[in-house]
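Novice: sequence unknown, structure follows:
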C-alpha cells in the first residue's frame with residue numbers, strides 16, 4: 001500500500017509547487033528586460049512566468065511589489081529584485097543548470113567585465129541611437145561601432161562571445177543584435193561579420209520562445 005493512502009488526509013505531506021511565484025515583470029521596449037527574459041527562458045524554470053508592463057494599464061500587483069515601477073523586476077520566494085544585471089546573475093546562481101557563466105574564477109571575472117561593457121555602454125548607446133539626436137547620437141554611434149567591431153573579432157574564432165560555451169554575455173548580444181536587425185541603426189557592412197553568430201543565437205529554443213523566429217539578415 002502506498003504511503004499516501006496509509007496516512008490520514010491531514011497528515012499527508014504537502015510539497016509546494018516547484019519555484020511557485022517566480023515572476024519577471026518586463027516592458028516590451030527595453031534591452032535590459034529582453035536580456036533578463038532570455039536568461040529566464042534559458043534556465044527553463046518550472047512555474048516561472050512573464051508579465052509585460054505597459055500599454056497604459058496599471059498592474060496593481062506590480063505596483064505593490066515595486067512602487068517605483070522600474071523594469072525589469074524579478075519576484076520570487078526570496079524577495080523582489082530590480083535591475084537587469086542583478087536579475088541575470090541571481091538567476092545564474094540560484095538556478096545553476098544549465099550554466100551560463102564560466103566555472104573558473106578568472107574566466108568569471110572576464111565575463112563580468114564583458115557584461116559591464118555590454119550593459120552600461122552598448123545597451124545605453126543603442127537606446128540613444130533609437131531616440132537621441134545631435135552630439136549624443138554621434139557619440140553613441142561611435143561607441144556601438146567600436147563594440148560591434150571588437151565583439152566580431154572575438155566571436156570569429158571562438159564561436160561564442162567568451163569561448164566555446166554560450167553564456168550570459170551571449171544572451172546580451174543576442175538581444176542587442178535583434179534590435180539592430182529589427183530597427184537598423186548601423187550599416188549592414190558592420191553587421192555582416194556577425195551573420196553566422198546571429199544565426200546560432202537566434203535559432204536557440206529559448207530565443208525563439210521569447211521572440212519568435214526572426215531573420216538574421218542585417219538591415220540598413
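Specialist: Structure's in. What do you need? Just so it is clear, the model here is predicted, and its values are computed rather than measured.
Novice: would you mind measuring from residue 47 to residue 95?
Specialist: From residue 47 across to residue 95, the span is 12 Å (CB to CB, to the nearest Å). For every residue, glycine as well, the C-beta is placed using N, CA and C.
Novice: again with residue 61
Specialist: From residue 61 to residue 95 the distance is 23 Å (CB to CB).
Novice: ok, the two, which is more surrounded?
Specialist: residue 95 (19 against 11; other CB atoms under 10 Å).
Novice: got the contact list for the residue nearest to the more buried one when sequence neighbours are not counted?
Specialist: Distance criterion CB to CB, 6 or more residues apart in numbering; nearest residue to residue 95, sequence neighbours excluded, is residue 43 at 4.7 Å. Going by CB atoms under 8 Å, 6 or more residues apart in numbering, residue 43 touches 91, 95, 98, 100.
Novice: and the two most separated of these?
Specialist: Farthest-apart pair in those is 91 and 98; separation 11.4 Å (CB to CB).
Novice: settle it for me: which of these two has more neighbours?
Specialist: Neighbours were counted for residue 91 and for residue 98 using other CB under 10 Å; residue 91 has more, 24 against 12.
Novice: so residue 154 touches residue 161, yeah?
Specialist: Yes. Counting by CB atoms under 8 Å, residue 154 sits close enough to residue 161 to count as a contact (6.0 Å).
Novice: now the common contact residues for those two.
Specialist: In contact with both residue 154 and residue 161: no residue, using CB under 8 Å, 6+ apart.
Novice: higher neighbour count, the two?
Specialist: Taking other CB under 10 Å, residue 154 and residue 161 do not tie; residue 161 has more neighbours (24 against 17).
Novice: leaving out the residues flanking it, which one is nearest to that one?
Specialist: For residue 161, the spatially nearest residue (CB to CB, 6+ apart) is residue 169, at 4.3 Å.
Novice: what about that neighbour, is that helix, strand or coil?
Specialist: Three-state call for residue 169 (DSSP: H, G, I helix; E, B strand; the rest coil): helix.
Novice: quick check: buried residues in stretch 94-110?
Specialist: Residues 95, 100, 101, 102 are the ones in stretch 94-110 that count as buried (16 or more other CB atoms under 10 Å).
Novice: make that stretch 108-128, sorry
Specialist: Applying a neighbour-count criterion of 16+ other CB under 10 Å, one finds 111, 114, 115, 117, 118, 119, 122, 123, 125, 126, 127, 128 buried in stretch 108-128.
Novice: can you pull out the helices in the chain?
Specialist: 3-6, 31-43, 60-65, 84-94, 105-117, 124-131, 134-158, 168-183, 188-191, 195-202, 205-211 (DSSP state H).
Novice: where does the residue nearest the centre of the chain land on pLDDT?
Specialist: Closest residue to the average C-alpha location of the chain: residue 35 at 1.7 Å, with CA atoms, centre = their mean. Listed pLDDT for residue 35 reads 97.
Novice: same question, residue 17
Specialist: So residue 17 comes in at 35 (pLDDT).
Novice: now flag whichever of the buried residues of stretch 94-110 is closest to residue 25.
Specialist: Relative to residue 25, the closest of those is residue 95; by CB to CB it sits at 18.1 Å.
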